[in-house]
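Enquirer: what's the 3D shape of this:
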Amino acid sequence: METRELRYFVAVAEELHFGRAARRLGIAQPPLSRAIGGLERRLAAALLERGSRGVTLTEAGVVLLREARAALDAVEAAERRTRRAARAAAGRPAVVLAAKAGASGELLAKLLDAYAAEPGAAAVDIVLCGPGEQARVLRDGRADVALLHRPFDDTAGFDTEDLHTEGQVVILPAGHPLGVRPHLLLAEVTGLPDLPLPRWPRPDGTFPDGPGPQVRDHTQLTQLIALGRACAVVPESGRTGLREGLTAVPVLDAPRVTTVIAWPPHSRSTAVAGLVRAATAL
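Expert: Residues are numbered from 1 along each chain as shown. You can find the predicted model right below:
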């Protein structure tokens with residue numbers, strides 16, 4: 001299969017409409033239909049069911065959509081990493097590190113200082129991500145290495161080294177009655193009608209149902225908490241440098257969070273190796 005065919009199929013599978021998919025791709029509809037038909041014939045499998053009410057995916061189509069997205073991500077990742085390798089060979093070495101905004105700030109600062117002290121250290125570009133985005137940024141090649149957090153981030157397919165494990169706290173507006181408690185339980189936090197947990201976007205940009213406010217970044221979240229519109233359960237390191245108007249209380253039964261440094265298993269980057277070495281020595 002060609003990457004062009006995979007892009008065509010993904011567009012149709014996501015739009016579930018040949019006309020919209022053709023406009024999205026910037027091509028006419030007839031060649032798009034012919035390309036999908038040719039792909040189905042070569043695979044000897046119906047990928048789409050075409051009816052008067054629109055287009056739906058078959059079971060085979062669902063499988064191909066998942067695999068096609070992964071394949072296209074791999075191609076884009078290869079292109080991005082190759083360009084960075086070319087820049088490094090031309091004397092402009094740099095490594096891209098993805099980290100969650102608002103988390104592991106102290107660890108990140110220590111890591112950067114430790115790596116900068118190494119002979120021949122490359123420049124480090126930081127990509128700050130929303131919750132759950134770091135793994136995707138690492139997979140698609142926008143980053144060379146990432147700080148991930150189990151059990152929340154998917155580390156499958158990466159090489160990893162554990163850095164540290166910590167408990168979690170709930171961030172509340174200063175002055176909230178529960179803010180003076182020595183600790184809380186998850187049931188108490190999730191049962192707060194006046195401070196619902198925030199809703200973060202899924203990978204496709206949609207938000208899960210629920211009473212909490214829609215949140216896209218850490219700054220927005222802390223502002224909503226300070227205004228008494230939400231609360232948030234975060235790793236204990238998130239209480240470092242907590243802004244005025246907020247307080248943190250340990251949540252005893254929240255799952256413990258392990259921060260790991262992750263990188264693609266095929267990486268041959270000396271800069272990535274240096275970052276990993278600096279991180280594990282902290």
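
Enquirer: Can you name every helix or strand that the helix or strand of the chain with the lowest mean pLDDT contacts?
Expert: Sorting the helices and strands of the chain by mean pLDDT, DSSP states H and E puts helix 59-89 at the bottom, at a mean of 80. Judged by 3 or more CB pairs under 8 Å, 6 or more residues apart in numbering; DSSP states H and E, helix 59-89 is in contact with helix 3-15, strand 94-100. C-beta here means a position set from N, CA and C on the backbone, and glycine is covered the same way.

Enquirer: Residue 155 and residue 262 touch, don't they?
Expert: Yes. If you go by CB atoms under 8 Å, residue 155 and residue 262 touch, sitting 5.7 Å apart.

Enquirer: Need the overlap of contacts for the two.
Expert: 135, 148 (CB atoms under 8 Å, 6 or more residues apart in numbering).

Enquirer: Tell me which of the helices and strands packed on helix 59-89 sits most buried.
Expert: Per residue and on average, the most neighbours among these fall to strand 94-100, with a mean of 23 (mean count of other CB atoms under 10 Å).

Enquirer: residues near residue 221, how many?
Expert: Counted with other CB atoms under 10 Å, the neighbours of residue 221 add up to 24.

Enquirer: and the helix or strand harbouring it with strand 94-100, angle?
Expert: Secondary-structure assignment from DSSP states H and E places residue 221 in helix 218-226. If you take axes from the mean of the first three to the mean of the last three CA atoms, to 10 degrees, helix 218-226 sits at 20 degrees to strand 94-100.

Enquirer: Contacts made by helix 218-226 with the rest, please.
Expert: With CB under 8 Å, 6+ apart as the test, helix 218-226 has contacts from 101-102, 130, 171-174, 195, 198, 213, 215, 230-232, 243, 245-246.

Enquirer: surely residue 240 meets residue 106?
Expert: Yes. Using CB under 8 Å as the test, residue 240 is close enough to residue 106 to be in contact (5.4 Å).

Enquirer: and the residue of the chain positioned farthest from its centre, backbone torsions?
Expert: Distance to the chain centre peaks in the chain at residue 52, reaching 37.4 Å (criterion: CA atoms, centre = their mean). Main-chain torsions, residue 52, degrees, to the nearest 10: phi -70, psi -20.

Enquirer: Which parts of this protein are helices?
Expert: For the chain, applying DSSP state H gives helices covering 3-15, 18-25, 29-43, 59-89, 105-116, 133-139, 186-190, 218-226, 270-280.
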